[in-house]
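Trainee: Let's see this in three dimensions:
(2 chains)
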Amino acid sequence: MIWKLIAIVILRTAADLSFKASVFGLHISPRAKLGRTVLKIISRPFLWMGLVLGALNVVVWSSALQDFDLSYAYPFLSFSFVTIIIGGRVFFNETLDRYKAIGVTCITIGSCLLLLQ
Amino acid sequence: MKIIRFFCLVLLPVLMTTSGEFLLKHSINAHQAPQTISQPQHQPSPLRQPKAIFAITLITAGGILWLVAMSKYELSFIYPYLSINYISIVIGSQWVLHESVGWTRYASVIFIVIGLLLISRSPHSEVQKKEP
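Mentor: Next comes the predicted model:
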């Protein structure tokens, strides 16, 4: 059943990278009105791709919750931070500095601790 | 106004996600509970329960608000608030959902929170915004 949690990590990563792609290069001003910001974002195709992946994620997540405790499954999903940061480096050329490197290492240790059970 | 925006975009999504996850798990648990003879054998999918639909709506709306928050605030400022999700879900699972939460789950959450705090401290957490 662990495949469901792995599938959710993959889906979340793909969805978040799509969301990032949807706001990538938009240069939204911090002074921009909330309504205008939302309108700008919803016109991007990557947002809809992210939403479809997000919807799939909800279906698999609901199925996983039938097999796992919430206190087990939810922290496990934090592993998606690791894959998202790696994805950010690969697809958006984001900087992977020592803070992020140590941070993702801590999260990986946290996720692996869960597997000890 | 700043406090209202902070509440609506940062605290509210955290609250919506946490309560949505509890409600979804509670709904699934109730659906999985042993059925009595008087209940029908074929119940609809747990996703079709009104409670589950409301929970998924809460989680989705929280996610959308969080997306807006990411475009408005520095990641280093809002990332640590994600820690609230992990802490409240593990503690709440034990107290509200009566799950058996061992030391590994608490230790795991401590590592995750430290990891999130470190990531938020990164000077490269924020996209450099260009003012027009």
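
Trainee: Tell me if the helix or strand bottoming out on mean pLDDT in chain A is near chain B.
Mentor: Least confident helix or strand, chain A: helix A:34-42 with a mean of 79, by mean pLDDT, DSSP states H and E. Yes: interface with chain B: helix A:34-42 contributes A:L34, A:T37, A:V38, A:I41 (C-beta under 8 Å from any C-beta of the partner chain). (Each C-beta comes from the backbone N, C-alpha and C, glycine too.)

Trainee: Helix or strand next in line after that helix, which one?
Mentor: helix A:45-65 (DSSP states H and E).

Trainee: how about that next one as PDB, C-alpha atoms only?
Mentor: Extracted C-alpha coordinates of helix A:45-65, given in PDB (Å, rounded to 0.1, in the frame of the first residue of the first chain):
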ATOM      1  CA  PRO A  45      -2.800  26.600 -18.700                       C
ATOM      2  CA  PHE A  46      -0.200  25.300 -16.300                       C
ATOM      3  CA  LEU A  47      -2.600  26.200 -13.400                       C
ATOM      4  CA  TRP A  48      -5.200  23.900 -14.900                       C
ATOM      5  CA  MET A  49      -2.700  21.100 -15.400                       C
ATOM      6  CA  GLY A  50      -1.800  21.600 -11.700                       C
ATOM      7  CA  LEU A  51      -5.400  21.500 -10.700                       C
ATOM      8  CA  VAL A  52      -6.000  18.200 -12.700                       C
ATOM      9  CA  LEU A  53      -3.000  16.700 -11.000                       C
ATOM     10  CA  GLY A  54      -4.200  18.100  -7.700                       C
ATOM     11  CA  ALA A  55      -7.600  16.500  -8.200                       C
ATOM     12  CA  LEU A  56      -5.900  13.100  -8.900                       C
ATOM     13  CA  ASN A  57      -3.900  13.600  -5.800                       C
ATOM     14  CA  VAL A  58      -7.100  14.100  -3.800                       C
ATOM     15  CA  VAL A  59      -8.500  10.800  -5.100                       C
ATOM     16  CA  VAL A  60      -5.300   8.800  -4.300                       C
ATOM     17  CA  TRP A  61      -5.000  10.600  -1.000                       C
ATOM     18  CA  SER A  62      -8.500   9.700   0.100                       C
ATOM     19  CA  SER A  63      -7.800   6.100  -0.900                       C
ATOM     20  CA  ALA A  64      -4.500   6.200   1.100                       C
ATOM     21  CA  LEU A  65      -6.300   7.500   4.200                       C
END
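
Trainee: Show residues contacting the following helix or strand past it.
Mentor: The C-terminal neighbour of helix A:45-65 among helices and strands, as given by DSSP H and E, is helix A:70-76. Residues from elsewhere that reach helix A:70-76, judged by C-beta atoms under 8 Å, 6 or more residues apart in numbering or on different chains: A:5, A:9, A:61, A:64-65, A:110-111, A:114, A:117, B:21-22, B:25, B:85-86, B:89-90, B:93-94, B:97, B:99, B:101, B:105, B:108-109, B:112.
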